[in-house]
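Student: need the 3D shape of this:
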Amino acid sequence: METENYQIPSVAPKKKFPKIILIVAIVAIIFGAGGGFLMSSIYWQRNVNAILGKEPVIKKETVVNNNYIPQTTEEQKTINLVKDNSSAVVSIIISKDVPIYETYYIDPFGSDWPFNIQIPQYKQKGTEKQEVGGGTGFIIASDGMVLTNKHVVSDKTAEYTVLTNDGKKYPATILAIDQFYDLALIKIDQSKNTVVKTFPTVKLGDSTNLQIGQSVVAIGNALAEFQNTVSVGVISGLGRTITASGGGADEVLEDIIQTDAAINPGNSGGPLLNLAGEVIGINVAKSNVGENIGFAIPINRAKKAIEQVRTTGKIVYPFLGVYYTIITPDLQEKYKLGVDYGAWIGRDASGKETEEAVMSGSPAQKAGLKSGDIILKFGSEKVTLQNTLSKIIQEYKPGDIVSVIILRDGSQKTLNITLVERT
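Tutor: This next block holds a predicted model:
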């Protein structure tokens, strides 16, 4: 409505009000009524939506309490899984006997020197047990079996203590160390307890069908100081190969989960969980260069180690005994190979020959494999960049006889290889 065309009737009032005041008053009344109608319409529409199942009814008499109400289903799942699993996530305290030094001073020039010069000297006067580091683990059996990283408990001269979520400390013993992957199993020692405690445990999931973009939650002893710190993110990559460094050692880890959930120092050995509250990975490393790039070992790799420790008391791996590189389309084109997949024995990543191709006395040598052979299939699985030979071999155990298809001089050939225990 255009106010310029609005006419006010002439009724010969006793006193005239300025025209502008009347216009302002009328506009205020119209907008006030319109605003009230608009708010009523919104309120009505929201309640209609509630009736139709689109959203909850909002009533004026609704009382908001002080309890936190999650905003989304995902948020509720995250809260639930943290509550359900935090009691099974433990801190691992590393302690060592550290030398204690006494300080004293000497004057190297003697009393005849006109200046008083004191040079500090140090003398060891014993040792004292101190905390020198920490990591994370999680309880996988009610008797106190804990899964963690090898590098967390790799110091043979150290003592390890498990700190549970309720603030209690227990000495721990090492059950088994995985010599070829960053995994270890330790056990809470209750031998001095008059009453043996049953511990809460996590639920192990399945890392076979993980998806990039899948939501995950990491729990750990961040910076070896902040127990049960929670970080949330997604799986940002799968099948990664990384070189993890620390403690004076480097280790190549294959088929690793990448996540943007914060993996801080001290988180090593902690669980990476899906929204169902299942452990799908063991947090192992973070990138020191990139932002929000962390890594975890798939839980299925640890399941095999857990079963071996329970049945045999140790972790063993099958061994083939070859040096190889996975063929890519670039290598195929460069060297005019007959295939663009497979494990090329005796070649490095650039395609150059390695000093050694087949290890002496290995199952590979005994079966007749030699430099230049290309392993196309190991058992029933095709060897590719995503499904590497080392990854496939881990599915077997020492003593298994495996049918292997190779490409040699342009022709395919089948060999039977008996795997042995890797030492």
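Student: D373 reaches I405, doesn't it?
Tutor: No. Shown here, D373 and I405 do not form a contact pair, counting by CB atoms under 8 Å, at 10.6 Å. Glycine gets a C-beta too; all of them are placed from N, C-alpha and C.
Student: ok, these two, which is more surrounded?
Tutor: D373 (25 against 17; other CB atoms under 10 Å).
Student: residue contacts, that one?
Tutor: Counting by CB atoms under 8 Å, 6 or more residues apart in numbering, D373 makes contact with I345, I406, L407, R408.
Student: 10 Å - rerun?
Tutor: D373 makes contacts with 322, 324, 342-346, 357-358, 364, 404, 406-409, 413, 415, as judged by CB atoms under 10 Å, 6 or more residues apart in numbering.
Student: quick one: it and V404, what's the gap?
Tutor: Using CB to CB, to the nearest Å, D373 is found at 10 Å from V404.
Student: what do the two both touch?
Tutor: Taking CB under 10 Å, 6+ apart as the criterion, D373 and V404 both touch A343, A364, K413, L415.
Student: that older thread, sort out which of the contacts of D373 are in strands and list them.
Tutor: Y324, A343, W344, I345, V404, I406, L407, R408, K413, L415 (DSSP state E).
Student: select only the buried ones of the residues you listed in PyMOL?
Tutor: A single PyMOL command selects the buried members of the ones in strands among the contacts of D373 (16 or more other CB atoms under 10 Å):
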select buried, resi 324+343+344+345+404+406+407+415
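Student: as a markdown table, the ones in strands among the contacts of D373 with pLDDT and distance to A88 would be great.
Tutor: Listed next are the ones in strands among the contacts of D373 as a markdown table, based on pLDDT from 0 to 100; distance: CB to CB, whole Å:
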| residue | pLDDT | distance to A88 |
| --- | --- | --- |
| Y324 | 94 | 40 |
| A343 | 96 | 39 |
| W344 | 96 | 44 |
| I345 | 96 | 44 |
| V404 | 97 | 41 |
| I406 | 97 | 46 |
| L407 | 96 | 49 |
| R408 | 95 | 51 |
| K413 | 95 | 50 |
| L415 | 96 | 46 |
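Student: which one of the ones in strands among the contacts of D373 is nearest P318?
Tutor: V404 (12.9 Å; CB to CB).
Student: report the contact partners of the closest one.
Tutor: Listed by CB under 10 Å, 6+ apart, the contact set of V404 reads 320, 343, 364, 367, 369, 373, 375-379, 383, 389, 413-417.
Student: check G144 too.
Tutor: Applying CB under 10 Å, 6+ apart, the residues near G144 are 90, 162, 164, 170, 172-173, 186-190, 196-199, 201.
Student: hang on, the earlier thing: need the overlap of contacts for D373 and I405.
Tutor: With contacts defined as CB under 10 Å, 6+ apart, the residues shared by D373 and I405 are G342, K413, L415.
Student: with respect to pLDDT, which of the contacts of G144 ranks lowest?
Tutor: Across these, the bottom pLDDT score, 83, is held by V196.
Student: quick revisit: and the shared contacts of D373 and I405 as a markdown table, adding distance to V98?
Tutor: As requested, those are exported to a markdown table (distance: CB to CB, whole Å):
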| residue | distance to V98 |
| --- | --- |
| G342 | 52 |
| K413 | 60 |
| L415 | 55 |
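Student: which one of the residues you listed is nearest to E333?
Tutor: Among these, and counting by CB to CB, the member closest to E333 is G342, at 14.8 Å.
Student: neighbours around that closest one, how many?
Tutor: 26.
Student: so what's it closest to, chain neighbours aside?
Tutor: I374 (4.2 Å; CB to CB, 6 or more residues apart in numbering).
Student: could you chop this protein up by domain?
Tutor: With automatic domain parsing as the criterion, the domains of the chain are listed as 3-51, 90-188, 203-312, 318-421.
Student: please identify the most buried of the ones you listed.
Tutor: Across the domains of the chain, averaging neighbours per residue (mean count of other CB atoms under 10 Å) puts domain 203-312 on top, at a mean of 19.
Student: circling back: turn the ones in strands among the contacts of D373 into CSV, columns for distance to P398.
Tutor: Shown next, in CSV, are these (distance: CB to CB, whole Å):
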residue, distance to P398
Y324, 20
A343, 20
W344, 25
I345, 21
V404, 16
I406, 22
L407, 27
R408, 26
K413, 24
L415, 18
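Student: on that earlier part again, quick check: bridge partners of the residue nearest to G342?
Tutor: W344, L407 (DSSP bridges).
Student: and what of I94?
Tutor: Assigned bridge partners for I94, using DSSP bridges, are G133, Y160.
Student: quick check, it in contact with K129.
Tutor: No. Under the criterion of CB atoms under 10 Å, I94 makes no contact with K129, lying 11.0 Å away.
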